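[1] Return atomic coordinates for the entry below.
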Amino acid sequence: MQVRGLLLLLALVLLTAAAEAGKNKKDKGKKSSSECEDWRWGPCTPNSKDCGLGYREGTCKDETKKLKCKIPCNWKKKFGADCKYKFESWGGCSVQTGVKTRSGVLKKALYNAQCEEIVHVTKPCSSKIKPKSKGQSAALLA
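    Numbering: from 1, shown residues only. Predicted coordinates for the structure are as follows:
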């Protein structure tokens, strides 16, 4: 009989511990929720230099929150890290300017960022001459 009582007591303790653990998880979810629905988020500000880990600050009425964020080190500074664009292929090289161009259409604006609908980018033309395909021999090229 005593063994049954111990097993029953052990089962009760385990159930109580499991219920407490579930309650703690629910409480954690409630901490981050807010009654405010109109959050205004600022840009991601890196901790050092101009890329890497940082924070984004948001405000809603009298509440303020900080979220962790990351700016990739190859981002286009001109557009901002929160503006995502779909770019077309690079155009041909302009002999007069020595640059090639392409444009991008806004795909997504994160955290209510103010983004341009269409952007144009340029880059210097490559000075390298691309080799012919591998299938051709030197005798055929001459």
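[2] Where does pLDDT dip in the protein?
    Scanning the chain with the threshold set as pLDDT under 70 gives 1, 3-34, 75-77, 128-142.
[3] Would you give the sheet partners of the longest strand seen in the chain, along with the direction of each?
    Once the chain is assigned using DSSP state E, the strand that runs over the most residues is strand 99-109. As defined by DSSP bridges, the strand partners of strand 99-109 come to strand 83-87 (antiparallel), strand 118-124 (antiparallel).
[4] nearest to Lys68, of those strands?
    strand 83-87 (19.1 Å; Cβ to Cβ). In this view, the C-beta of every residue, glycine as well, is placed from N, C-alpha and C.
[5] Lys107: how many residues sit nearby?
    11 (other Cβ atoms under 10 Å).
[6] same check, this time on the one 4 residues further on
    Counted with other Cβ under 10 Å, the burial measure for Tyr111 works out to 16 neighbours.
[7] roughly how far apart are the residue nearest to it when sequence neighbours are not counted and Cys73?
    Excluding the flanking residues, the one nearest Tyr111 by Cβ to Cβ, 6 or more residues apart in numbering is Trp41, at 3.7 Å. Distance, Trp41 to Cys73, using Cβ to Cβ, to the nearest Å: 22 Å.
[8] which of these two has more neighbours?
    Higher neighbour count among Trp41 and Cys73: Trp41, with 18 against 10, using other Cβ under 10 Å.
[9] returning to that earlier point: what bridges to the residue nearest to Tyr111?
    According to DSSP bridges, beta-bridge pairing links Trp41 with Gly58.
[10] Fine, thanks again, bye for now.
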